[in-house]
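1. Here is my input, please return the structure:
(2 chains)
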Protein chains: 2
Amino acid sequence: MTFSERNFIKQIEALTPASIDGLIKGIGDDCAVLAKSRDQATLLTTDTLIESVHFDPAWHPPYLLGRKAAAVNISDIAAMGGQPLFALLSVGVPAATEEDWLDQFMTGFQSMLEEHNIILIGGDTVSSPALMFSVTVIGEMETEKVLYRSGARQDDLIWVSGPLGEAAAGLEICRSHKKEYGRWPSLVKAHLDPKPGVKLGRILAKSDMVNSMMDVSDGIATDLAHICTASSTGAEIRAEDIPFSESLLQAAPTLHLNPLSLALRGGEDYQLIFTSSPEHATSLPRLVRDQTGGEIFSIGRITSGQGVTLLDNDRRKDISFQGYEHGG
Amino acid sequence: MTFSERNFIKQIEALTPASIDGLIKGIGDDCAVLAKSRDQATLLTTDTLIESVHFDPAWHPPYLLGRKAAAVNISDIAAMGGQPLFALLSVGVPAATEEDWLDQFMTGFQSMLEEHNIILIGGDTVSSPALMFSVTVIGEMETEKVLYRSGARQDDLIWVSGPLGEAAAGLEICRSHKKEYGRWPSLVKAHLDPKPGVKLGRILAKSDMVNSMMDVSDGIATDLAHICTASSTGAEIRAEDIPFSESLLQAAPTLHLNPLSLALRGGEDYQLIFTSSPEHATSLPRLVRDQTGGEIFSIGRITSGQGVTLLDNDRRKDISFQGYEHGG
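-> Coordinates of the predicted model:
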């Protein structure tokens, strides 16, 4: 069989009752949300990285892999606007693993936790036929500020927090263009050492201007389709408004890469994608600029339809779920 | 290198700061303990089961494997006296896995959760070279009732909640004596489908008679050594007081098994092991009998020394950490 993550998650969703004391949101978003107190929520997320499925130790240095194992889970907390606080780590290690490799992995893992003041509170290690890292991150935030995938409304503007497609280009360089490794360090770094958007996520959640949010892990064709499904809306995005870095635009011809395709279908950019009412078209980017010095980019709008439509030179194309499915 | 779980956990311990707002207990016990409110604590535990390291799908039916993947994590909550509430599941599946196999696994997993009113709130699935299940369970209890490994005091009685060595005998039958599979169903079941002691753990935590507790996952030589290390005490156990089931005593000669060795060094009984002041020598078993109908067994006492000593026919032997180390 072809094993599909979406089918499995549907199966888990079917097992999760709609209303349970203490449970605010079960499966189907970046994190599960539990009631901590009257107005505070606990966020929980778990993700597993497996050798040769999610990473290749041949070219992923252990220090950076440790950072990434933490970062992709921290990003799930950021994706709802939360503050990550604690982490649990489960490590599967083949017998032939050098102790130094694992030390570097742990040092990298810990360095990413420290950048976000996250405390490692538990973990175990097991023998395994392949390297395997399973991480749980626990976060917290004000219950009424949590940003779900399901909050998008018709006519909302769709925003992304930075250039797309860089991580997918970096993966391509590591996999197929090793000679170019030193030439495009920012692309390689986007793949090997992604940065979770915790600070921006917090600002957006507190702004009261954002209706829905998630992180970009599977390419926006898929990630935006999740927002549309959860919100019972459609979405239109404009090809010419998708932000690309100078590096990606320069590297693309040499590496025979299509930046638009990487942005739509590549994975692991870990930017935030979010929607706001059009009335915040200038106030939201201004707030972000004032508080972070950074830009956000409007790439389209939420519609009353279904699915994700790409507008490219007056052509319209349904691109829903045409992204990368991890491990799919 | 030989990869040691204890070394890895020491490394994580070194990374965990002593005092952090909201963190009551980091790594080094069955669960991490977080402050939920002024008097309630959140318990968190994570464990990973990997094919051919922790289970063999050749003889572990998927339904029972699903139950066990949940049970071993629920047992960590029981080991501190907590009430399990929520679970996260991360599944790694080789491409060649039959969909029916995974359905049965999920049905079993869910059946164990339902027996304890636990809600599955999240999960993901990934491709993997081997079957892999990583489970996180979240529990809750009164902060001041949490039972740690570190609470044992000199002269405490050492108790176990039921017969030992059955799961190790069951594993031996599955692995090397398949013809005996149908003859000793209770031993095989102890290995394939262990029962976490949630109800008893809650009763013991609320009794105010218990000073320290953990679950028996690595054999009592190792588990009791953890209590001794955490409590800065020693322990003496009497071979003749270790409880064995009739089935194990009957099966042992046929299968060339040594019940005492299985109890000390075998793993995965998932009984509770706990200590109390000697003044509760009769009141504690009476409380348990009244509330559960079951027995508890006194097997020795906590001493001012170091390590775990076995008293066997007037011989004394240090057996500290001579247990099974998962994946070690």
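
2. which residues in chain A form strands?
-> A:23-25, A:32-35, A:40-50, A:83-93, A:119-127, A:132-142, A:157-160, A:210-215, A:234-238, A:272-276, A:297-303, A:307-312, A:315-318 (DSSP state E).

3. and the ones you listed as JSON lines, adding mean neighbour count and distance to B:D56?
-> All C-beta atoms are positioned from the backbone trio N, CA, C, and that covers glycine. Shown next, in JSON lines, are the strands of chain A (neighbours: other Cβ atoms under 10 Å in any protein chain shown; distance: least, Cβ to Cβ, whole Å):
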{"stretch": "strand A:23-25", "mean neighbour count": "19", "distance to B:D56": "35"}
{"stretch": "strand A:32-35", "mean neighbour count": "23", "distance to B:D56": "32"}
{"stretch": "strand A:40-50", "mean neighbour count": "24", "distance to B:D56": "20"}
{"stretch": "strand A:83-93", "mean neighbour count": "25", "distance to B:D56": "17"}
{"stretch": "strand A:119-127", "mean neighbour count": "24", "distance to B:D56": "14"}
{"stretch": "strand A:132-142", "mean neighbour count": "26", "distance to B:D56": "18"}
{"stretch": "strand A:157-160", "mean neighbour count": "24", "distance to B:D56": "47"}
{"stretch": "strand A:210-215", "mean neighbour count": "25", "distance to B:D56": "38"}
{"stretch": "strand A:234-238", "mean neighbour count": "21", "distance to B:D56": "47"}
{"stretch": "strand A:272-276", "mean neighbour count": "27", "distance to B:D56": "43"}
{"stretch": "strand A:297-303", "mean neighbour count": "20", "distance to B:D56": "50"}
{"stretch": "strand A:307-312", "mean neighbour count": "20", "distance to B:D56": "44"}
{"stretch": "strand A:315-318", "mean neighbour count": "11", "distance to B:D56": "46"}
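
4. and B:L192, which of these is closest to it?
-> B:L192 lies closest, by Cβ to Cβ, to one member of the strands of chain A: strand A:119-127, at 19.2 Å.

5. Can you list the helices and strands that the closest one packs against?
-> The helices and strands touching strand A:119-127, judged by 3 or more Cβ pairs under 8 Å, 6 or more residues apart in numbering or on different chains; DSSP states H and E, are strand A:83-93, helix A:99-115, helix B:5-15, strand B:32-35, strand B:40-50.

6. partners of A:T42 in the sheet?
-> Here A:T42 sits in beta bridges with A:L34, A:E140, going by DSSP bridges.

7. ok, now which ones touch it?
-> A:33-36, A:138-140, B:42 (Cβ atoms under 8 Å, 6 or more residues apart in numbering or on different chains).

8. Save those residues as JSON lines, and put in distance to A:D223 and pLDDT too.
-> Formatted as JSON lines, the contacts of A:T42 follow (distance: Cβ to Cβ, whole Å; pLDDT from 0 to 100):
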{"residue": "A:V33", "distance to A:D223": "19", "pLDDT": "96"}
{"residue": "A:L34", "distance to A:D223": "24", "pLDDT": "95"}
{"residue": "A:A35", "distance to A:D223": "27", "pLDDT": "94"}
{"residue": "A:K36", "distance to A:D223": "27", "pLDDT": "94"}
{"residue": "A:I138", "distance to A:D223": "23", "pLDDT": "97"}
{"residue": "A:G139", "distance to A:D223": "20", "pLDDT": "97"}
{"residue": "A:E140", "distance to A:D223": "24", "pLDDT": "97"}
{"residue": "B:T42", "distance to A:D223": "30", "pLDDT": "97"}
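
9. just to revisit the earlier point, out of the strands of chain A, nearest to B:E240?
-> strand A:119-127 (34.0 Å).

10. Quick check: can you name the pairing partners of the closest one and their directions?
-> Counting by DSSP bridges, strand A:119-127 is paired with strand A:83-93 (parallel).

11. The strand it pairs with: how far from the chain's middle?
-> Averaging C-alpha positions (Cα atoms, centre = their mean, to the nearest Å) puts strand A:83-93 17 Å from its chain's average.

12. Over stretch A:170-178, what's the mean pLDDT, rounded is fine.
-> Taken as a whole, stretch A:170-178 has an average pLDDT of 90.

13. Check stretch A:214-225 too.
-> 95.

14. how many neighbours does A:A167 have?
-> Residues lying near A:A167 (other Cβ atoms under 10 Å in any protein chain shown) number 26.

15. Around chain B, which positions in the stretch 51-200 of chain A sit nearby?
-> Neighbours of chain B within the stretch 51-200 of chain A, by Cβ under 8 Å from any Cβ of the partner chain: A:51-54, A:85-86, A:88-93, A:95, A:97-99, A:102-103, A:106, A:110, A:119-130, A:132, A:134, A:136, A:138.
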